[in-house]
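Peer 1: Coordinates only, no sequence provided:
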């Protein structure tokens, strides 16, 4: 459905952030993209959704293909119309609009205006809490409610591919669980393909069908979550599992850093 | 009492004109954070376009006004595309400076085309006298108030219920997030500028009908600054109420205090007081901060 072939992204004409990044997303799956801070996960999503331009970023090499069409040179608005919707990091709800107006803004590209009301009811079914607060100003919602609103807003565009950038950011564990459940439901019940960027590897691997691990601008590992979860490096550096009884020393971390460079 | 009523009606008339111009300010500020110093010149151009179509070409007033509004809207789009779009991503202050340059340019263009002498506007709204209780006003002033109220009602509804209106507010809130909804920010800017030019043109037609057509009309733009600062730069209802307050204050100050020269400055006095005690205006958005 979506494939990135060897793409390179440069910010401000000098900073090379993605260095030959390749990945694929199959239709109907939940695909997780994991990695440490600064690995280039958000940049990857913005490269796909066309949101690099306002930040002076540019895809300088490689191609991004969505449903057999190259999209790396398209405007964000036309990519959204093709069915790729990014839920940006940090929720980014329209603070001075009400919950309902936020949802309407999400439906901006919809041509079938008649069904928008129906979809709004559907969003309220997934997030009953939003229904209670439909006429409230979004800026005053709690963090969890704002994240729900951000996801609900994305549903209003009826995307084929929904890309979520760190939906767990800054939320209480219980809420994170609730939101991940809903992401899974959206995938299964609505047939929306999901590309999930997360720092919380355990959670993401828990619901993903396939996962990629990114380090300094490219993919270093990929596979089924179960396989990745058994990988000793992933266990240690992404899941925080060390072998019981063994003390860790800084030397070994340095050793991994060297290995990392080797892998990439 | 008669004088009071008389002054009130006069104040509301100028308030109506201010409100129309202020709506343009607010629209542009809301969607792009730019303060458009050329707003008064939009009004000037509206007045001269109407004069051209109705006075010089002799078109019927209904057709003349429709063409004026269309041309003004087109002008707004052209200015957005030629002057402002290349500046997207540049500091806001540069854009604001450009609007100052634009105001001189537009004013000079009007002077170049139609000369600087005042012209008589073919008044199409009758100036028959209307008696309200004991006060006497000309009908064109009542029309001015009615037209302004109608426009403001339309815009309030537009921002609350229309898809493009909501999109405009979304862009004002968070441009990048709006972009991620598939909203074309450039299209929204163009829309804001064309609506601003349109409302200012309508205001221009009203002023021209009440007074005359002259290059001095662009001075109305200056009186509108206190209005939008008072009402809040990003609030349409604020623009309406601010315009009424400033219009009335000017009328009362002119009628009751001394020789009327206070009317010239009263609005700026209010402007300074407002900036001291409530810099975001009476109805402006406070920044929502979640802790």
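Peer 2: Yep, it's here. The structure displayed is predicted, hence computed values, not measured ones. Residues are numbered from 1 along each chain as shown, chains lettered A, B, ... in the order given.
Peer 1: Can you show me the strands along chain B?
Peer 2: Along chain B, the segments classed as strands by DSSP state E run B:129-132, B:135-138.
Peer 1: can you pull out the helices in chain A?
Peer 2: Under the criterion DSSP state H, helices of chain A are mapped to A:41-49, A:76-82, A:99-106, A:116-126, A:128-132, A:143-156, A:173-190, A:201-207, A:225-230, A:232-237, A:250-263.
Peer 1: Let me know the pLDDT of the closest residue to chain A within the stretch 151-291 of chain B.
Peer 2: Minimum separation of the stretch 151-291 of chain B from chain A (CB to the nearest CB) falls at residue B:182, amounting to 3.1 Å. Placement of C-beta: from N, CA and C, glycine included. Among the per-residue scores, residue B:182 holds a pLDDT of 93.
Peer 1: number of nearby residues for it?
Peer 2: 27 (other CB atoms under 10 Å in any protein chain shown).
Peer 1: can you pull the contacts of the residue lying closest to it once chain neighbours are set aside?
Peer 2: Closest residue to residue B:182 apart from its sequence neighbours, by CB to CB, 6 or more residues apart in numbering or on different chains: residue A:80 at 3.1 Å. Residue A:80 is in contact with A:49, A:109, A:157, A:159, B:180, B:181, B:182, counting by CB atoms under 8 Å, 6 or more residues apart in numbering or on different chains.
Peer 1: same check, this time on residue B:176
Peer 2: By CB under 8 Å, 6+ apart, the residues touching residue B:176 are A:51, A:54, A:88, A:92.
Peer 1: and the gap between it and residue B:193?
Peer 2: 21 Å (CB to CB, to the nearest Å).
Peer 1: Then residue B:269?
Peer 2: Going from residue B:269 to residue B:193 by CB to CB gives 31 Å.
Peer 1: More neighbours: the two, which one.
Peer 2: residue B:193 (28 against 13).
Peer 1: was I right about the more buried one contacting residue B:84?
Peer 2: Yes - under the criterion of CB atoms under 8 Å, residue B:193 makes contact with residue B:84 at 7.2 Å.
Peer 1: Backbone dihedrals for residue A:51, both of them.
Peer 2: phi -90, psi 10 (degrees, to the nearest 10).
Peer 1: Give me the nearest residue to it, chain neighbours excluded.
Peer 2: Counting by CB to CB, 6+ apart, the residue nearest residue A:51 is residue A:76, at 5.5 Å.
Peer 1: ok, now residue B:6?
Peer 2: residue B:135 is the one closest to residue B:6 (CB to CB, 6+ apart), at 4.4 Å.
Peer 1: State the number of residues packed around that neighbour.
Peer 2: 17.
Peer 1: Look up the residues forming beta bridges with it.
Peer 2: Beta-bridge pairing of residue B:135 under DSSP bridges involves residue B:132.
Peer 1: residue contacts, it?
Peer 2: B:2, B:5, B:6, B:9.
Peer 1: again, only using 10 Å
Peer 2: B:1, B:2, B:3, B:4, B:5, B:6, B:7, B:8, B:9, B:10 (CB atoms under 10 Å, 6 or more residues apart in numbering or on different chains).
Peer 1: Give me the distance between the fourth one and chain A.
Peer 2: So that's residue B:4. Distance of residue B:4 to chain A, computed by CB to the nearest CB, to the nearest Å: 39 Å.
Peer 1: before we move on, what about the third one?
Peer 2: As judged by CB to the nearest CB, residue B:3 and chain A stand 43 Å apart.
Peer 1: Quick check, that residue in contact with residue B:256.
Peer 2: Yes - counting by CB atoms under 10 Å, residue B:3 touches residue B:256, with 8.2 Å between them.
Peer 1: hmm, back to that, I figured the residue nearest to residue A:51 hits residue A:46, correct?
Peer 2: Yes - contact criterion CB under 10 Å: residue A:76 and residue A:46 qualify, at 9.2 Å.
Peer 1: any common contacting residues for the two?
Peer 2: A:52, A:53, A:54, A:86, B:176, B:180.
Peer 1: confidence score at the first one?
Peer 2: Residue A:52 carries a pLDDT value of 90.
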